[in-house]
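Colleague: Dropping the sequence and predicted coords here.
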Amino acid sequence: MNTGKFLKIIGFFLLGWSSFLQSSERYAGPITEWGHPDLQGVWNFSSSVPMQRPPEFGRRQFLTEEEVSKGIRHFELGAGADVVPPNRFGIESYYNDIRVDNSGRDGRVRTSHIIYPLNGQMPPRIDGVDRIPGGLIPIVGNRPVRFVVGGIGRNGPEDRGLSERCIVGFNQGPPFTPSLYNNHIQIIQNKDHVVIMTEMIHDARIVKLRPLEPLSDSIGLWSGDSIGRWEGNTLVVETKNFNGRTQSFDGFGTSKDKLLTERFTRIAPQVVSYEFTIEDPSTFVDKLTAIIPMSKVSAQLYEYACHEGNYGMANMLRAARRRDSKSYSDTVAEIFRR
């Protein structure tokens, strides 16, 4: 993403939110009947800030006031134009800017979501750890399929990606990472548990707050096993016992040895600061920490009816088998012609 495009997208967000933001030091949020900070509601974590920092910003975490003002001017000029210039995908360039509109809701506009390593880039990988590709075409790979989109063949459902099988989604997490759509979660609390419901795949992760015996290392779960605690106004959630059948982060490694620590802090009436740290000695040489602001949404979370309406996989398999059958028929016909 070039700097001009980056600033233009940021400008859209700041026009509507700059007067609203408050610092966490001055804000005392609502409390539940159990005396815990109230994080309940539907929250949106979409963002136009890149996960990794563009190299030209170096170790700088935030845009300057001048850069922010430039971003606002970019958006005002574009929004007021009679003709909207097409972007490189041939779509009107401001369409998706509005869909991924949340950038500085924690008070300042970041140059990247990753804050550690200090250069805003992902840490180096352990030797031999490759990125597992994903795409919309068949990919050469091994079972079990460990990437979200795409598959290694069309012989059966087990060969397809995890999101096509409605098991995990590409931004479902944990951790949550902004994508083009379905960037919502709903948080529900009681005295001993917190439930985090994701819009993508409609998964409910139950965070246990009571001291419990940890799961055996032999038990692995798609979304891991989450144990939470309160540190002041912050909900801290530690998750491990992933099943190793998903990537560690951004397509690299596996989740088998991953320890994920998430921190949810309500810093304004409509804003939760979401911070996550990944420690995975089998994939990365160092930890990774990112911060993503979430905004409160005054709407309900609708069901992501993946299985009920998932005609794509059935049609894809049917088409592939029809193609294979036609190829077989053509081969037989050619034999008889000889």
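Modeller: Sure thing, it's come through. Numbers count the residues shown, from 1 in each chain.
Colleague: Quick one: the helices in this protein, in order.
Modeller: Taking DSSP state H as the criterion, the chain carries its helices at 3-17, 65-79, 95-99, 311-337.
Colleague: which stretch in those helices is the model least sure about?
Modeller: For these, mean pLDDT drops lowest on helix 95-99, to a mean of 42.
Colleague: Find the residue closest to Cys166 in space, skipping its chain neighbours.
Modeller: Once flanking residues are discounted, Cys166 sits nearest to Cys306: 3.7 Å by Cβ to Cβ, 6 or more residues apart in numbering. From N, CA and C alone the C-beta is placed, and that goes for glycine too.
Colleague: Neighbours of that neighbour, how many?
Modeller: A count of nearby residues for Cys306, using other Cβ atoms under 10 Å, gives 16.
Colleague: residues in contact with Ile196?
Modeller: 185-187, 204-205, 207 (Cβ atoms under 8 Å, 6 or more residues apart in numbering).
Colleague: tell me the contacts of the most centrally placed residue in the chain?
Modeller: For the chain, the residue nearest the mean C-alpha position is Thr177 (2.2 Å; Cα atoms, centre = their mean). Counting by Cβ under 8 Å, 6+ apart, Thr177 makes contact with 51, 113, 171, 292.
Colleague: What residues are recorded as beta-bridge partners of the last one?
Modeller: Going by DSSP bridges, Ile292 is paired in beta bridges with Tyr274.
Colleague: Test my guess that it contacts Gly173.
Modeller: No: assessed by Cβ atoms under 8 Å, Ile292 is found out of contact with Gly173, at 10.6 Å.
Colleague: related to what we said a few turns ago, out of the contacts of Ile196, the closest to Ser47 would be?
Modeller: Checking these against Ser47 by Cβ to Cβ gives Ile185 as the nearest, at 13.8 Å.
Colleague: right, and that closest one touches Glu199 too?
Modeller: Yes: using Cβ under 8 Å, Ile185 makes contact with Glu199 at a distance of 6.8 Å.
Colleague: Mind listing the shared neighbours of the two?
Modeller: Leu301.
Colleague: Of these two, which one has the most company?
Modeller: Per other Cβ under 10 Å, whichever of Ile185 and Glu199 has more neighbours is Ile185, with 26 against 21.
Colleague: Can you name the residues bridging to the more buried one?
Modeller: Beta bridges link Ile185 to Trp43, Thr198, judged by DSSP bridges.
Colleague: That one: what's it in contact with?
Modeller: Applying Cβ under 8 Å, 6+ apart to Ile185 gives the contacts 42-43, 45, 176, 196-199, 294, 301.
Colleague: Need the per-residue pLDDT for it.
Modeller: Per-residue confidence at Ile185 stands at 96 (pLDDT).
Colleague: how near is it to Gly244?
Modeller: 24 Å (Cβ to Cβ, to the nearest Å).
Colleague: how many other residues sit next to Asp38?
Modeller: By other Cβ under 10 Å, 14 other residues sit near Asp38.
Colleague: And for Lys208?
Modeller: 15.
Colleague: That one against Ile227, yeah?
Modeller: Yes: with contact defined as Cβ under 8 Å, Lys208 counts as touching Ile227 (5.6 Å).
Colleague: just checking, Arg160 touches Val145?
Modeller: Yes: look at Arg160 against Val145 with Cβ under 8 Å: they come within range, at 6.9 Å.
Colleague: Now the common contact residues for those two.
Modeller: Gly151.
Colleague: any low-confidence regions in the stretch 51-200 of the chain?
Modeller: 71-107, 133-141, 144, 153-156 (pLDDT under 70).
Colleague: Go again with 50.
Modeller: By pLDDT under 50, the weakly predicted segments of the stretch 51-200 of the chain are 79-101.
Colleague: what about the strands in the stretch 101-250 of the chain?
Modeller: Assigned by DSSP state E, counting those that start in this stretch, the stretch 101-250 of the chain shows strands spanning 114-116, 184-189, 193-198, 204-208, 225-231, 234-240.
Colleague: picking that back up, who wins for most neighbours among the contacts of Ile196?
Modeller: Comparing the contacts of Ile196 by number of neighbours (other Cβ under 10 Å), Ile185 comes first, having 26 neighbours.
Colleague: Against Val207, how distant is Val148?
Modeller: Counting by Cβ to Cβ - Val148 and Val207 are separated by 23 Å.
Colleague: Same check on Glu275?
Modeller: In this view, Glu275 and Val207 are 16 Å apart by Cβ to Cβ.
Colleague: Which positions within stretch 244-261 qualify as buried?
Modeller: Buried residues in stretch 244-261, counted by 16 or more other Cβ atoms under 10 Å: 244-249, 252-256, 258-261.
Colleague: Now do that stretch, average pLDDT.
Modeller: Averaging pLDDT along stretch 244-261 gives 92.
Colleague: how about the CA coordinates for that stretch, as PDB?
Modeller: What follows is stretch 244-261, C-alpha atoms only, in PDB (Å, rounded to 0.1, in the frame of the first residue of the first chain):
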ATOM      1  CA  GLY A 244      -1.900 -27.800  15.100                       C
ATOM      2  CA  ARG A 245      -4.200 -28.000  12.000                       C
ATOM      3  CA  THR A 246      -4.200 -24.300  11.400                       C
ATOM      4  CA  GLN A 247      -1.400 -21.900  10.700                       C
ATOM      5  CA  SER A 248       0.300 -20.100  13.600                       C
ATOM      6  CA  PHE A 249      -0.100 -16.600  12.100                       C
ATOM      7  CA  ASP A 250      -0.400 -15.200   8.500                       C
ATOM      8  CA  GLY A 251       0.000 -18.600   6.900                       C
ATOM      9  CA  PHE A 252       3.300 -19.500   8.700                       C
ATOM     10  CA  GLY A 253       4.000 -22.600  10.700                       C
ATOM     11  CA  THR A 254       1.300 -24.500  12.700                       C
ATOM     12  CA  SER A 255      -0.600 -23.600  15.800                       C
ATOM     13  CA  LYS A 256       0.500 -26.600  17.800                       C
ATOM     14  CA  ASP A 257       2.900 -24.700  20.100                       C
ATOM     15  CA  LYS A 258       1.300 -21.300  20.000                       C
ATOM     16  CA  LEU A 259       0.500 -19.300  23.100                       C
ATOM     17  CA  LEU A 260      -1.900 -16.500  22.400                       C
ATOM     18  CA  THR A 261      -2.500 -13.700  25.000                       C
END
